[in-house]
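Visitor: Based on what follows, work out the 3D shape:
(chains A and B)
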Amino acid sequence: MKWKRKDILDLESLTQEEILHILHTAKPMKEILLRPIKKLPTLRGKSMMNLFYENSTRTRTSFETAAKVLSADTSSIAVAQSSVSKGETLLDTAKTIEAMRVDLVVIRHSASGAAAFLAENLEAGVINAGDGQHEHPTQGLLDMFTMQEHLGELSGKKILIVGDVLHSRVARSNVWGLTKMGAEVVLVGPPTLVPPELKVLGVKLSHDLDAELPGADVVMALRLQLERQQSGLFPSLREYSQLYCLTMERLKRTGKDTLVMHPGPMNRGVEISSELANSAQAVIEEQVTNGVAVRMALIYLLMGGSGNVVA
Amino acid sequence: MEGNVKSTIMDADGVRRALTRIAHEIIEKNKGTQDVVLIGIRRRGVPLAERIQNKIEEFEGVKLPLGILDITLYRDDLTTIDVQPVVHETKVPFSVHGKNVVLVDDVLYTGRTARAALDATMDLGRPQRIQLAVLIDRGHRELPIRADYVGKNLPTSSKEVVSVRVQEIDGADDVLLLEKPE
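Guide: Next up, the predicted model:
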């Protein structure tokens, strides 16, 4: 397949073929990552800039690690210490970065659509590392890569995504990607966090976790942002965890060796019990490793060929 | 296949004999099979390496370790080529440290693939020695590289294409000389 894209903005617009191509490319990247000497000369002389308007440890470090293994140069802008705090607009900041001949910009921003806006205005490639409540495509891809490694073909697999779906860009990217693979996705959470409007995503909604667990191949817990309680979306953490916390006991209901996932950072005891998170069923650390592999694949695909590189 | 077939350089028997000789030479040059490992370069170097492995097992009763190398990420033309090559997995399930590594490929031409394979191998560890085995050496080197084991030296013009076909990938074992299409 010929890769034509300059940017990765969302999974909604990627075709099934493109997603499979990315996942296929991530496989050799993982092998490289697991080597004792993890360094390749592939992207020597290419540069990538992390532009993070929101806090992030794992995603930013993951992108940096991925770029470094492939020998691309990276730098990061933590917005709090940058000219943004002097009132510079997003576009001006990005144009300044591009003027430094950066080939790829990785952006995280609290506004949905920020990455797409940059992609339209920059010649450099853009990867969306999370934009508002819209999408977090690299997380969706690494989740799918992890599922595929354990389950093989995703078609027909039952996947539960549990928690604050309403505010979750991780959930949205997973829904778009997984449904393109033919998986059966069920979004589970309290009615305030899984409102009926989410039906537009074209998947089943449920408020009863225990009823959905039987037959589930994957259960993914989402991070519950504790400030949502203050805004009245659920009455108490205790009630939330009684109904939706993933525990060893609860997972027995699936009747199979279900994969337990979490995009991190975890609130142990709120959306997932410590015991379960530490168990062999949980692949949470593996998700992190796979995240680097998937990002290596994307960085290679966006910066590797002549067609998608700033001349 | 690209281009018109001008002649058949080797038929299935020719390929078999050349690999048999290379297998013997590998044993001879390394004074046995101690510390010798084979690494096939994707794609057609892989089945060729497997056959050399089988032959050496037949002659010496030793099954040499066999690895697979994908050199895509080591190519020197990645930023200039139009169609980005698909990356495949490198599978070298043993340490190359201190080993006599025999790289196996189908055709030696400019030497650029061999250069990439050398770098890729060294990134896996520090071998004692690296040797190169090819079925066809067609000349036109652009780098100071030579093969240690050659099935056949074939003088060619740059307008020609040498096509090595193997049963496992192409459904036939032979070597053809083709005219490059205009």
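
Visitor: CA only for contacts and neighbour counts going forward, please
Guide: Will do.

Visitor: B:Ser95 touches B:Gly125, doesn't it?
Guide: Yes: contact criterion C-alpha atoms under 8 Å: B:Ser95 and B:Gly125 qualify, at 7.1 Å.

Visitor: quick one, which of the two is more surrounded?
Guide: B:Gly125 (16 against 13; other C-alpha atoms under 10 Å in any protein chain shown).

Visitor: So the closest residue to the more buried one other than its chain neighbours, which state does it fall into?
Guide: Leaving aside its chain neighbours, B:Gly125 sits nearest to B:His97 (5.3 Å; criterion: C-alpha to C-alpha, 6 or more residues apart in numbering or on different chains). Following DSSP: H, G, I helix; E, B strand; the rest coil, B:His97 is assigned to coil.

Visitor: how about B:His97, phi and psi?
Guide: phi -60, psi 120 (degrees, to the nearest 10).

Visitor: Against chain A, how distant is it?
Guide: B:His97 sits 12 Å away from chain A, going by C-alpha to the nearest C-alpha, to the nearest Å.

Visitor: Number of residues surrounding that residue?
Guide: A count of nearby residues for B:His97, using other C-alpha under 10 Å, gives 15.

Visitor: Not counting residues beside it along the chain, what's closest to the residue of the stretch 1-150 of chain A found nearest chain B?
Guide: Nearest residue of the stretch 1-150 of chain A to chain B, counting by C-alpha to the nearest C-alpha: A:Pro28, 4.2 Å away. Leaving aside its sequence neighbours, A:Pro28 sits nearest to B:Glu89 (C-alpha to C-alpha, 6+ apart; 4.2 Å).

Visitor: residues in contact with the one you found?
Guide: A:27-29, A:31, B:69-70 (C-alpha atoms under 8 Å, 6 or more residues apart in numbering or on different chains).

Visitor: who in chain B is up against chain A?
Guide: Counting by C-alpha under 8 Å from any C-alpha of the partner chain, the positions of chain B adjacent to chain A are B:73-75, B:78-84, B:86-90, B:123-125.

Visitor: returning to that earlier point: ok, the residue of the stretch 1-150 of chain A closest to chain B - contacts?
Guide: With contacts defined as C-alpha under 8 Å, 6+ apart, A:Pro28 is in contact with B:87-90.

Visitor: State the pLDDT value of A:Pro137.
Guide: Confidence at A:Pro137, expressed as pLDDT, is 98.

Visitor: before we move on, what about A:Gly307?
Guide: At A:Gly307, pLDDT is 45.

Visitor: and if you look at A:Ala282?
Guide: 97.

Visitor: Pull the number of nearby residues for it.
Guide: Close neighbours of A:Ala282, defined as other C-alpha under 10 Å, add up to 19.

Visitor: gap between it and B:Leu48?
Guide: Separation of A:Ala282 from B:Leu48 (C-alpha to C-alpha, to the nearest Å): 42 Å.

Visitor: returning to what we had before: pLDDT value on the residue nearest to A:Pro28, please?
Guide: The predicted local confidence for B:Glu89 is 92.

Visitor: mind checking the SS state of it?
Guide: With three-state DSSP as the basis, the three-state label of B:Glu89 is coil.

Visitor: Then B:Val5?
Guide: At B:Val5 the chain is in strand, as set by three-state DSSP.

Visitor: ok so, going back, so what's the residue nearest to B:Gly125 up against?
Guide: For B:His97, counting by C-alpha under 8 Å, 6+ apart, the contacting residues are B:125-128.

Visitor: For it, report the pLDDT, please.
Guide: 96.

Visitor: Next one: the residue nearest to A:Val102 when sequence neighbours are not counted from A:Asp7, what distance?
Guide: Nearest non-adjacent residue to A:Val102, counting by C-alpha to C-alpha, 6+ apart: A:Ser47, 5.3 Å away. According to C-alpha to C-alpha, A:Ser47 and A:Asp7 sit 15 Å apart.

Visitor: The two - which one has more neighbours?
Guide: Taking other C-alpha under 10 Å, A:Ser47 and A:Asp7 do not tie; A:Asp7 has more neighbours (25 against 20).

Visitor: Phi and psi next, for that one.
Guide: As for A:Asp7, its main-chain torsions (degrees, to the nearest 10) stand at phi -130, psi 160.

Visitor: Quick one: residues contacting it.
Guide: A:119, A:125-127, A:302.

Visitor: could I get those residues as a markdown table with pLDDT?
Guide: Output for those, formatted as a markdown table (pLDDT from 0 to 100):
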| residue | pLDDT |
| --- | --- |
| A:Ala119 | 96 |
| A:Gly125 | 95 |
| A:Val126 | 97 |
| A:Ile127 | 98 |
| A:Leu302 | 94 |
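
Visitor: Format the residues you listed as a markdown table; extra columns: distance to A:Leu226.
Guide: As requested, the contacts of A:Asp7 are arranged in a markdown table below (distance: C-alpha to C-alpha, whole Å):
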| residue | distance to A:Leu226 |
| --- | --- |
| A:Ala119 | 32 |
| A:Gly125 | 35 |
| A:Val126 | 31 |
| A:Ile127 | 28 |
| A:Leu302 | 36 |
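
Visitor: among these, which are in strands?
Guide: Those of those mapping onto strands are A:125-127, per DSSP state E.

Visitor: remind me, longest helix of chain B?
Guide: Longest helix in chain B, counting residues (DSSP state H): helix B:12-29.

Visitor: mind listing what's buried in that helix?
Guide: For helix B:12-29, burial by neighbour count (16 or more other C-alpha atoms under 10 Å in any protein chain shown) applies to B:14-16, B:18-20, B:22-27.

Visitor: what's the residue nearest to B:Leu108 when sequence neighbours are not counted sitting at in phi/psi?
Guide: Nearest residue to B:Leu108, sequence neighbours excluded (C-alpha to C-alpha, 6+ apart): B:Asp137, at 4.8 Å. The phi/psi pair for B:Asp137 (degrees, to the nearest 10) reads phi -110, psi 110.

Visitor: I figured B:Asp137 hits B:Asp148, correct?
Guide: No: applying C-alpha under 8 Å as the test, B:Asp137 and B:Asp148 come out as separate, 10.7 Å apart.

Visitor: picking up where we left off before, tell me which of the buried residues of helix B:12-29 is nearest to A:Leu14?
Guide: For the buried residues of helix B:12-29, the closest approach to A:Leu14 (C-alpha to C-alpha) belongs to B:Val15, at 44.9 Å.

Visitor: ok, then the element right after the helix or strand of chain A with the lowest mean pLDDT?
Guide: Lowest by mean pLDDT, DSSP states H and E among the helices and strands of chain A is helix A:227-230, with a mean of 75. Sequence-wise, the next helix or strand downstream of helix A:227-230 (DSSP states H and E) is helix A:237-244.

Visitor: Distance from the chain centre to stretch A:287-299, please.
Guide: The chain centroid and the centroid of stretch A:287-299 are separated by 10 Å, computed with C-alpha atoms, centre = their mean, to the nearest Å.

Visitor: do stretch A:147-154 as well
Guide: When distances are taken as C-alpha atoms, centre = their mean, stretch A:147-154 is centred 17 Å away from the chain's centroid.

Visitor: And the residue nearest the centre of chain A?
Guide: Residue closest to the mean C-alpha point of chain A, counted by C-alpha atoms, centre = their mean, is A:Gln139 at 1.4 Å.

Visitor: tell me what the helix or strand hosting B:Leu178 is packed against?
Guide: Element membership for B:Leu178, per DSSP H and E: strand B:174-179. Identification of packing neighbours for strand B:174-179 by 3 or more C-alpha pairs under 8 Å, 6 or more residues apart in numbering or on different chains; DSSP states H and E yields strand B:4-10, helix B:12-29, strand B:160-165.

Visitor: What's the mean pLDDT across it?
Guide: Across strand B:174-179, the average pLDDT comes to 95.

Visitor: got the residues of chain A near chain B?
Guide: Checking chain A against chain B by C-alpha under 8 Å from any C-alpha, the hits are A:2-3, A:25, A:27-29, A:31, A:35-37, A:39-42, A:301, A:304-307, A:309.
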